[in-house]
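In: below is the structure, and that's it, no one-letter string:
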Ligand SMILES: Nc1ncnc2c1ncn2[C@@H]1O[C@H](COP(=O)(O)OP(=O)(O)O)[C@@H](O)[C@H]1O
Ligand SMILES: [Mg+2]
Ligand SMILES: [Zn+2]
């Protein structure tokens, strides 16, 4: 069976027409790129290293498509409209990282209605996988929108090595910055990250983005993936609460998150019981739908198995009393 390289719709070779439009504003794009990773000269580094996967991965900033092909090179003065990530350069099952990020983003969007960056799975000319995302910090007229990540929004301090001291902040600290609607979205994203085994949702993986009215609101989600496929890291990246639930445990013990914790955070955010119940309902009974998407994804069989194990374990834990 063939699945759309964007939305994973069945019986689609390459991209379905709505993905072509939404991702590329085109009617035909070849998911097989005509260049290799090496052709991308404008790689950027400097994203936070420090723990787990962040910053290890290099990324390329590429321009719009010409004809049916994406081009690795930006023309003079051209803005980059896409970010492309190759497979991980180390860790377990590194060649599954593009498919992992792709399916996780699609699950967030399609099953839970989380606003996500538009993204797809592609292949370099030599057949190795790539993850491609359309930049949300440029509007349709290719004008740059202001974006500020939470390391900057929350003024996280840096240590002597110039790395952010993420652990000095908690998810509860987002309270003072997010609008009422964003708070509901944020709780959903945290539950989603827990379920999908994302131990890497640190301050730089959340941003505020300028809206057409000029306010700063939570941006579409990005960098969602099951990090447990590649590394052993903590269940969630930051502590939920200011009183640090994880550091209060005896050394070596892992805090066991359940729905009550996310509800407690929601209460501290001032979200009504009615809305919190609605969030819980949105996650109840979704395990099979998630499994279906994982099975349709571009992950290897071994990575699918690990992903399914992650969510089985986390669903049980989330809905335990
Ligand atoms: N679709 C996107 N549009 C705009 N900016 C993005 C998008 N995806 C990622 N970014 C920005 O690029 C940075 C690096 O991307 P990310 O996916 O987090 O890569 P990494 O795996 O290296 O952390 C992010 O912190 C975010 O600021
Ligand atoms: Mg990131
Ligand atoms: Zn599609």
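Out: Sure thing, it's come through. All figures in this text were calculated on a predicted structure; none of them were measured in a lab. Ligands and ions are numbered 1, 2, ... in the order given.
In: in the one helix or strand residue 97 maps to, which residues are buried?
Out: With elements taken from DSSP states H and E, the one containing residue 97 is helix 97-112. By neighbour count with 16 or more other CB atoms under 10 Å, helix 97-112 contains the buried residues 97-109, 111-112. Using the backbone N, CA and C atoms, a C-beta is placed for each residue, glycine as well.
In: grab the nearest non-local neighbour of the residue nearest to the spatial centre of the chain.
Out: Central residue check for the chain by CA atoms, centre = their mean: the C-alpha nearest the mean position is that of residue 224, 2.0 Å away. In this structure, residue 224 finds its nearest non-sequential neighbour in residue 104, 4.5 Å apart by CB to CB, 6 or more residues apart in numbering.
In: residues contacting the one you found?
Out: For residue 104, the contacting residues are 196, 198, 224, 225, 226, by CB atoms under 8 Å, 6 or more residues apart in numbering.
In: okay, it: pLDDT?
Out: The score at residue 104 is 98. That number is its pLDDT.
In: and it, how far from residue 203?
Out: Distance from residue 104 to residue 203, counting by CB to CB, to the nearest Å: 19 Å.
In: ok, whatever residue of the stretch 151-300 of the chain ends up closest to ligand 3 - contacts?
Out: Nearest residue of the stretch 151-300 of the chain to ligand 3: residue 296, at 11.6 Å (CB to the ion). With contact set as CB under 8 Å, 6+ apart, residue 296 has these partners: 1, 3, 8, 10, 103.
In: burial count for the nearest residue to the first one once chain neighbours are set aside?
Out: Closest residue to residue 1 in three dimensions, ignoring its sequence neighbours and counting by CB to CB, 6+ apart: residue 10, at 6.1 Å. Neighbour count for residue 10, taken as other CB atoms under 10 Å: 10.
In: need phi/psi at residue 10.
Out: Reported as degrees, to the nearest 10, the phi and psi values for residue 10 are phi -70, psi 160.
In: and the pLDDT for residue 51?
Out: Looking at residue 51, its pLDDT reads 32.
In: how about low-confidence regions in the protein?
Out: Across the chain, the stretches falling below the confidence threshold (pLDDT under 70) are 41-57, 165-167.
In: how about the contacts made by the residue lying closest to residue 298 once chain neighbours are set aside?
Out: Among residues not flanking residue 298 along the chain, residue 99 sits closest, at 3.8 Å (CB to CB, 6+ apart). The neighbourhood of residue 99, defined by CB under 8 Å, 6+ apart, consists of 121, 129, 131, 297, 298, 299, 300, 303.
In: likewise residue 117?
Out: Contacts of residue 117 were listed using CB under 8 Å, 6+ apart, and they are 105, 133, 134, 135, 136, 220, 221, 222.
In: which ones among those map onto strands?
Out: Helix and strand membership here follows DSSP state E; of these, those in strands are 133, 134.
In: got the contacts of residue 117 as CSV, with distance to residue 186 columns?
Out: As requested, those are exported to CSV (distance: CB to CB, whole Å):
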residue, distance to residue 186
105, 17
133, 20
134, 22
135, 22
136, 17
220, 13
221, 10
222, 14
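In: ramachandran angles for the residue of the stretch 151-300 of the chain found nearest ligand 2?
Out: When distances are taken as CB to the ion, the stretch 151-300 of the chain reaches nearest to ligand 2 at residue 223, 3.8 Å away. Its backbone dihedrals place residue 223 at phi 60, psi 30, with angles given as degrees, to the nearest 10.
In: list the residues that contact it.
Out: Residue 223 makes contact with 101, 200, 201, 205, according to CB under 8 Å, 6+ apart.
In: among those residues, name the ones in strands.
Out: When strands are assigned by DSSP E, not one member of the contacts of residue 223 lies inside them.
In: among those, which two are most distant?
Out: With distances taken as CB to CB, the most widely separated pair in the contacts of residue 223 is 101 and 201, at 12.7 Å.
In: ok now the longest helix anywhere in the chain, how far from the chain's centre?
Out: Longest helix in the chain by number of residues (criterion: DSSP state H): helix 301-318. The gap between where helix 301-318 is centred and where its chain is centred comes out at 17 Å by CA atoms, centre = their mean, to the nearest Å.
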